[in-house]
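>>> coordinates for the following, if possible.
(one chain, ligands or ions: 1)
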Amino acid sequence: SRELPWWSNAVVYQVYPRSFQDSDGDGMGDVPGITSRLPYLASLGVDVVWLSPVYKSPQDDNGYDISDYQDIDPMFGTLDDMDTLLKRAHELGLKVVMDLVVNHTSDEHDWFKASAAGDSKYTDWYIWEDPKPGHVGGQPGAEPNNWGSYFGGSAWQWVPERGQYYFHQFSVKQPDLNWENPAMRQAVYQMMNWWMDRGIDGFRMDVISYISKTYDENGRLPGIAGSLIPERPAGPDGFDSPFDYCSDGPHLDEILQEMHREVFDGRDGYLNVGEAPGISAERATHVTNPQNKELDMLFLIDHMGIDQHGPAGKWSVTDWKLSDLRKIQARYEQIIDEGGWTSLFFCNHDQPRVVSRWGDDSSEESRTRSAKALGLLLHMHQGTPYIYQGEELGMTNADYTSLDQYEDLESINMYHQLVGAGVLSSDEMMNSIQRMGRDNSRTPMQWDDSIYAGFESADAHTQPWLGVNANKATINAQAEQNDENSVFSFYQKLIALRHTNPIVSHGHWNALDIDDEQVYAFTRTLDDHELVVVINVSSELAALPTQTAAVLNNTDHTNDEHGDGLHESKVILSNDSAQGVIEQINAKSLNPWTAFVYEVK
Ligand SMILES: O=C(CO[C@H]1O[C@H](CO)[C@@H](O)[C@H](O)[C@H]1O)[C@@H](O)[C@H](O)[C@H](O)CO
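As a prediction, this is how the structure comes out:
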């Protein structure tokens, strides 16, 4: 089988610095706080730590709006603190990946200030357009086209001193950089080399699929006056989406290859992952094929939409089908067969907690069983798994009831836009925010059952920036580290299995019973060894599906002491006792959330 790089059996842990560990009592997590918890991450067994942004930032979008790429925001610490974190992490055998946010900067970045002031060197580093002909700049209707921002409102902002509008796909304080400009690109590569030379181990690249925009043959964006690509009608919220024209654009491959040449050629031991909305699985195979020297892997987000269908996009929350999730994961696995690679994730700082979303957090028992089941389902696929802070504890969605408890500009802006436009009622939107809002995964990390869950000391002089979930009383690292039946202990075993059994990283993935809407089952095969992975992804009893039963009943252990037939010793990992698993297989009935890995041969 093909030679696979180091990260093929690595596990990555995402830290959201604002909510991980506060070390100075200001209610905000910080870099020294993360450093103090590195031994915890080492004990979990992960290999890489990805830090969401800690750079200088006015924090309009919690750091994804950077005003200085080569400095740490004072609320998070200093560059010295960052060096200490890197040194300590490497001592513990942990690699550190930083977040690279270069589709846009903050509007407080020196580059943007210079560009807005018309400084000739920077004048073309962002995307500027004149007002719509016949309109007065700054007046409603004068925007260059009808594109809306993903965080609400128009995607265009008027700057009187420049007499033009700038384009921002995200908040008004996140102007898009112009990646058509070679000098701008070189400045970004220089910054990336500066961090690589400082000892980091790679980048998670924010919406990297958005950096190349589609222009008509005269270099004009769609819908702009004189553009050969006409404006499309606005949607129910009064705007058209820039998505089709601003994702996976025509120059993306050559830019990623240039970036690879300028920053990563001659380096090794690093990992690059690109967040890539709008990139298809076919394209992902090309971008992640090592021969093309672009990126190691991508975050494709198709599976994040299986329960979001309707006029309000992600806020139109619907039921979901297991067959949809299986189909999408199967397509991701195919990318590997085709020579590329894939990441594996259910959670991050933009998505709700998976145990509340696709699991069952209605009781302590169903929460732990479903958290383990979903962890096993994801981690037993081929690819590089990502754990989002707290997922290893089975942390749940926030327990907030009113809009003023939320901080995220996406939820708050979209509440006003969608309710204002009558797309959703206030109750419907509040329900959607409680289920899909990004703050669900940003509540402070639950380290223990003290007043602020150990996120900060009880005598801290400030409340945490976001409310602690009251269920910290039972769901916390301290309790789970001392409980071998906890979700935490289960994740330790899951990660250890990936590190010790080559089938997990190298074995071919093959789905079983693809129409089953309750049981998700697949085999992993390497040479003449095979594992079968079976998960009842429901809160009800489930029949053991036919193909899965056949695989389990044709176990071939002719040459070992147990002989053929099922045996407890072959239950490699499960959220039930091995004996319980064998009983359920024999009964051809799986209990709610039963999940196991069985060594077939
Ligand atoms: O697509 C992105 C990109 O997110 C990246 O880019 C965004 C802008 O930098 C930033 O807000 C996100 O935190 C970062 O992960 C998000 O808009 C995401 O889909 C959405 O929030 C889901 O609700």
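
>>> going forward, measure contacts between C-alpha atoms and count neighbours the same way
Noted.

>>> wasn't residue 456 part of a helix?
No - assigned with DSSP: H, G, I helix; E, B strand; the rest coil, residue 456 falls outside any helix and is coil.

>>> what about it, distance to residue 445?
10 Å (CA to CA, to the nearest Å).

>>> looking at the stretch 451-600 of the chain, what residue ends up closest to the ligand?
At 16.0 Å from the ligand, residue 466 is the closest residue in the stretch 451-600 of the chain, using CA to the nearest ligand atom.

>>> wait, doesn't that residue sit right on residue 408?
No - between residue 466 and residue 408 there is no contact under CA atoms under 8 Å: 10.0 Å.

>>> only C-alpha atoms, please: export stretch 518-528 in CSV.
Extracted C-alpha coordinates of stretch 518-528, given in CSV (Å, rounded to 0.1, in the frame of the first residue of the first chain):
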residue,chain,number,x,y,z
GLN,A,518,-30.0,3.4,12.3
VAL,A,519,-26.8,1.3,12.1
TYR,A,520,-23.6,2.8,10.6
ALA,A,521,-21.2,-0.1,9.8
PHE,A,522,-18.1,-0.5,7.8
THR,A,523,-15.0,-2.7,7.5
ARG,A,524,-11.3,-1.7,7.6
THR,A,525,-9.0,-4.1,5.7
LEU,A,526,-5.2,-4.2,5.5
ASP,A,527,-3.5,-7.1,3.8
ASP,A,528,-5.3,-10.2,5.3
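
>>> tell me how many other residues crowd the closest residue to residue 104 other than its chain neighbours.
Among residues not flanking residue 104 along the chain, residue 176 sits closest, at 4.0 Å (CA to CA, 6 or more residues apart in numbering). Residues within reach of residue 176, counting by other CA atoms under 10 Å, total 27.

>>> return the residues of the chain in contact with the ligand.
Residues of the chain found near the ligand (CA under 6 Å from any ligand atom) are 61, 64, 170, 206-207, 350.

>>> distance to residue 230 added to those, as CSV?
Listed next are the residues of the chain next to the ligand as CSV, based on distance: CA to CA, whole Å:
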residue, distance to residue 230
61, 32
64, 31
170, 23
206, 29
207, 25
350, 32
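
>>> neighbour-wise, which one of those leads?
Ranking those using other CA under 10 Å puts residue 64 first, with 25 neighbours.

>>> wait, it sits on residue 53?
Yes - assessed by CA under 8 Å, residue 64 is found in contact with residue 53 at 6.4 Å.

>>> ranges for the strands of the stretch 501-601 of the chain?
For the stretch 501-601 of the chain, strands defined by DSSP state E, counting those that start in this stretch occupy the ranges 508-512, 519-526, 529-536, 542-543, 571-574, 589-590, 595-599.

>>> just put these in a markdown table and tack on mean neighbour count and mean pLDDT.
Output for those, formatted as a markdown table (neighbours: other CA atoms under 10 Å; pLDDT from 0 to 100):
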| stretch | mean neighbour count | mean pLDDT |
| --- | --- | --- |
| strand 508-512 | 19 | 98 |
| strand 519-526 | 23 | 98 |
| strand 529-536 | 24 | 98 |
| strand 542-543 | 20 | 98 |
| strand 571-574 | 20 | 98 |
| strand 589-590 | 22 | 98 |
| strand 595-599 | 25 | 98 |
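
>>> which residues does residue 199 contact?
Residue 199 is in contact with residue 86, counting by CA atoms under 8 Å, 6 or more residues apart in numbering.

>>> any weak-confidence spans in this protein?
Filtered on pLDDT under 70, the chain yields the residue ranges 1, 555-564.

>>> okay, which residue is most central for it?
residue 348 (4.0 Å; CA atoms, centre = their mean).

>>> and it, what does it touch?
Residues near residue 348 by CA under 8 Å, 6+ apart: 14, 387-388, 441.

>>> if I look at it, how far off is residue 384?
14 Å.

>>> for residue 429, same thing?
34 Å.

>>> ok, then the element right after the host helix or strand of residue 190?
Element membership of residue 190, judged by DSSP states H and E, is helix 182-197. Next in sequence after helix 182-197, counting helices and strands by DSSP H and E, comes strand 202-205.

>>> buried residues in the helix or strand following that following strand?
Counting by DSSP H and E, the next helix or strand C-terminal to strand 202-205 is helix 243-246. Within helix 243-246, the residues scored as buried using 16 or more other CA atoms under 10 Å are 243, 245-246.

>>> that older thread, what touches both of residue 456 and residue 445?
Common contacts of residue 456 and residue 445, defined by CA under 8 Å, 6+ apart, comprise residue 21.

>>> picking that back up, out of the buried residues of helix 243-246, flag the one nearest to the ligand.
Of the buried residues of helix 243-246, the one sitting nearest to the ligand (CA to the nearest ligand atom) turns out to be residue 243, at 10.0 Å.

>>> ok, back up a step: using JSON lines, please lay out the strands of the stretch 501-601 of the chain together with distance to residue 292.
Shown next, in JSON lines, are the strands of the stretch 501-601 of the chain (distance: least, CA to CA, whole Å):
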{"stretch": "strand 508-512", "distance to residue 292": "23"}
{"stretch": "strand 519-526", "distance to residue 292": "27"}
{"stretch": "strand 529-536", "distance to residue 292": "32"}
{"stretch": "strand 542-543", "distance to residue 292": "44"}
{"stretch": "strand 571-574", "distance to residue 292": "37"}
{"stretch": "strand 589-590", "distance to residue 292": "45"}
{"stretch": "strand 595-599", "distance to residue 292": "35"}
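
>>> nearest to residue 489, out of these?
strand 571-574 (11.8 Å; CA to CA).

>>> what residues does that closest one touch?
With CA under 8 Å, 6+ apart as the test, strand 571-574 has contacts from 493-494, 578, 581, 594-599.

>>> could these be laid out in JSON lines, adding distance to residue 290?
Compiled in JSON lines, those are given as follows (distance: CA to CA, whole Å):
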{"residue": "493", "distance to residue 290": "30"}
{"residue": "494", "distance to residue 290": "28"}
{"residue": "578", "distance to residue 290": "40"}
{"residue": "581", "distance to residue 290": "40"}
{"residue": "594", "distance to residue 290": "38"}
{"residue": "595", "distance to residue 290": "34"}
{"residue": "596", "distance to residue 290": "33"}
{"residue": "597", "distance to residue 290": "31"}
{"residue": "598", "distance to residue 290": "33"}
{"residue": "599", "distance to residue 290": "32"}
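
>>> gap between the closest residue to residue 461 other than its chain neighbours and the ligand?
Take residue 461 and drop its neighbours on the chain: the residue closest to it by CA to CA, 6+ apart is residue 25, 5.9 Å away. The gap separating residue 25 from the ligand is 25 Å, by CA to the nearest ligand atom, to the nearest Å.

>>> isn't residue 25 right up against residue 457?
Yes - assessed by CA under 8 Å, residue 25 is found in contact with residue 457 at 6.9 Å.

>>> that older thread, identify the contacts common to residue 64 and residue 53.
Joint contacts of residue 64 and residue 53 (CA under 8 Å, 6+ apart) do not exist.
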